[in-house]
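Novice: Okay, here's the prediction I keep looking at, along with the sequence it came from:
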Amino acid sequence: MSVSDAVVIGAGHNGLIAAIRLADAGWDVTLLEAQPEVGGAVRSAELTPGYVTDLFSAFYPLAVASPVFADLDLAGHGLQWSRAPLAFGHPAGPDDVDAPVVFPDAADTAAHLATFDERDRRAWLDLVEQWQQLRPAILDTLFGPFPPVRALLSVLRSLGTADALRLGRFLILPADQMVRELFHSEKAGLLILGNALHADIPLHAPGSGLMGYLLTMLGQDTGYPVPVGGAGELSAALRRRAESAGVTVVCETRATGIDVQGGRATGVVDSTGRRWPARRAVLADVSAPALYTELLSADDVPARVLDDLRTFTWDTPVVKVNYAFGEKIPWRSANLGGAGTVHLGADARNIAYSSADIETGRVPEHPFLLFGQMTTADPGRSPAGTESAWSYSHLPRGVTDDDAAQLLARRMDAVLEAHAPGVSDLIVGRHVQTPHDLQAADANLVHGTVNGGTAQLFQQLIFRPTPNLGGASTPVDRLYLAGSGAHPGGGVHGACGNNAARAALASDGLRGLPRRVFDRNVIRRLTKTDNNH
């Protein structure tokens, strides 16, 4: 029986990156994946012949911006990026014929916004200037291990304490308050509000503005890039990079347990009963509940952790509709024809209605959609003059049945038709992915959720996945959580896998002994159950 230095469970992008980092450090690494191919939620297929469909995630501004991807040289392993002429747009309603959009040049975007209110020209340029100054520190803070001490010190040095406090206030603003403070026209504010709804944080809740700000500024900065040929090409490049570093990738092998001896992870057991020993570490790119309640024995998990996981909160379930159109989409607002991503179905008022439906357990009557024009972003995704596209929206938390999903899908079709009359007649292929479909295709998409748990502040930072386990380390020695249940959460940025690998490397061997002792003592204190509990 061969013994690896590390066994990584799950070949999503986080698992692949974790394996790459360990292999680059000289470790012998085995990567186990339950599905027939790697990629997790970064995969594509031809659901309609001649049309490439991204099955889950599709646009990757976080990957291009993330420092984790910067030194992987994926271009050397076949990855190419493509971008739409416009990053994204957000019509104010079905009758809007001049939707706000983001151009590649910030001055062009500012001039466009000035047509709605001249004062927003300067507002946009000031926001972009702020972003350019803060970009490195913000990205290091978000995508590095927590707490981000060096990144925060960098902000303090560059801004000073008073301005740093103002920035901190700005970044935790609710999205609706943020746009009121930034812009004068409702249309300009929609650019941030739509991006804020990529997460499951209500627009009136603290922290929702950060997601809107980040994605909006990345749209202006790098655009919303896509892999040439489909999302699966990103995963394929990561696999080639991993194998070139010496990683052994084993697909169609489902991990069902983690061996623990003397409080230390020593290997993985698969569904056939085969054991995969690990000399130095086990890293799990799985959901946090799956790690602690399925892969580990209850005897190996502190009672307080299991108790805290009972209140673990998932994000809201997704319904995705994949389209193949025989012609280009006939948008009322013609400029949307050049946008890779379009936010549909909500002006500021209707966003509130849609959010209220989700928060009160009702299938949204007029849902907010994220819509992707993939051929616009990458011309090879479908025949010339056609469009491979998708839309997705959210069901209320806990509502995952197929009837509700199909109802929402029909309402999503209606929203699209309202913004592009006649588009329904152009459909040559349509496939709905329900929450059950999403989880069947990727076990980490539990109940059709895509973020690995809510992005709301009560389950972020040091509280992710639970208040006593903020990060990659676990109560089991040499076992690390490498999935999006760890800080900083969902999105294709690679930070969760990278942070887990860094933790494993830092804790290894004699040099890692002080860190192992420190981590073990801290975690034991945090997870110790009161005698009276």
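Specialist: Structure's in. What do you need? Numbering: from 1, shown residues only.
Novice: just the helices in the stretch 101-250 of the chain please.
Specialist: Assigned by DSSP state H, counting those that start in this stretch, the stretch 101-250 of the chain shows helices spanning 106-114, 119-143, 149-159, 161-171, 175-182, 186-196, 208-221, 232-244.
Novice: Where does pLDDT dip in this protein?
Specialist: 1, 146-153, 155, 348-349, 510, 512-526, 529-533 (pLDDT under 70).
Novice: go with 50
Specialist: Along the chain, the parts satisfying pLDDT under 50 run over 531-533.
Novice: Format the helices of the stretch 101-250 of the chain as TSV; extra columns: mean neighbour count and distance to residue 22.
Specialist: To be clear about C-beta, it is placed using only N, CA and C from the backbone, and glycine gets the same treatment. TSV is the format used below for these (neighbours: other Cβ atoms under 10 Å; distance: least, Cβ to Cβ, whole Å):
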stretch	mean neighbour count	distance to residue 22
helix 106-114	19	40
helix 119-143	18	18
helix 149-159	14	23
helix 161-171	12	33
helix 175-182	20	38
helix 186-196	25	34
helix 208-221	24	29
helix 232-244	22	10
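Novice: how about CSV for these, with distance to residue 322 added?
Specialist: Shown next, in CSV, are the helices of the stretch 101-250 of the chain (distance: least, Cβ to Cβ, whole Å):
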stretch, distance to residue 322
helix 106-114, 30
helix 119-143, 29
helix 149-159, 38
helix 161-171, 35
helix 175-182, 28
helix 186-196, 21
helix 208-221, 22
helix 232-244, 14
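Novice: So for residue 268, which of the ones you listed sits nearest?
Specialist: helix 232-244 (17.4 Å; Cβ to Cβ).
Novice: Please list the residues outside that closest one that contact it.
Specialist: With contact meaning Cβ atoms under 8 Å, 6 or more residues apart in numbering, helix 232-244 is reached by 11, 13, 16-17, 19-20, 23, 31, 37-40, 42-45, 60, 63, 72-74, 77-80, 227, 249, 492.
Novice: C-alpha coordinates for that helix, CSV please?
Specialist: Extracted as CSV, the C-alpha positions of helix 232-244 are listed here (Å, rounded to 0.1, in the frame of the first residue of the first chain):
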residue,chain,number,x,y,z
GLY,A,232,-13.9,23.3,-17.7
GLU,A,233,-10.8,24.6,-19.4
LEU,A,234,-9.8,26.3,-16.1
SER,A,235,-10.1,23.1,-14.2
ALA,A,236,-8.2,21.2,-16.9
ALA,A,237,-5.4,23.7,-16.7
LEU,A,238,-5.3,23.3,-12.9
ARG,A,239,-5.2,19.5,-13.3
ARG,A,240,-2.3,19.7,-15.8
ARG,A,241,-0.5,22.1,-13.5
ALA,A,242,-1.0,19.7,-10.5
GLU,A,243,0.1,16.6,-12.4
SER,A,244,3.2,18.5,-13.7
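Novice: in what helix or strand does residue 307 lie?
Specialist: In the assignment (DSSP states H and E), residue 307 maps to helix 303-309.
Novice: In the sheet, which strands lie alongside the helix or strand following that helix, parallel or antiparallel?
Specialist: Where DSSP H and E defines the elements, the next helix or strand beyond helix 303-309 is strand 318-325. Strand 318-325 has these partner strands in its sheet, going by DSSP bridges: strand 387-394 (antiparallel), strand 427-433 (antiparallel).
Novice: most tightly surrounded among the ones you listed?
Specialist: Mean neighbour count (mean count of other Cβ atoms under 10 Å) peaks for strand 387-394 among these, with a mean of 25.
Novice: chain center to the following helix or strand past it, what's the gap?
Specialist: Counting by DSSP H and E, the next helix or strand C-terminal to strand 387-394 is helix 402-419. Centroid separation for helix 402-419 versus its chain: 23 Å, with Cα atoms, centre = their mean, to the nearest Å.
Novice: just checking, what packs against helix 402-419?
Specialist: If contacts are counted by 3 or more Cβ pairs under 8 Å, 6 or more residues apart in numbering; DSSP states H and E, helix 402-419 sits against strand 318-325, strand 339-344, strand 369-373, strand 387-394, strand 427-433, helix 435-441.
Novice: Identify the residues contacting residue 281.
Specialist: Applying Cβ under 8 Å, 6+ apart, the residues contacting residue 281 are 5-6, 22, 265, 478-480, 504, 507-508.
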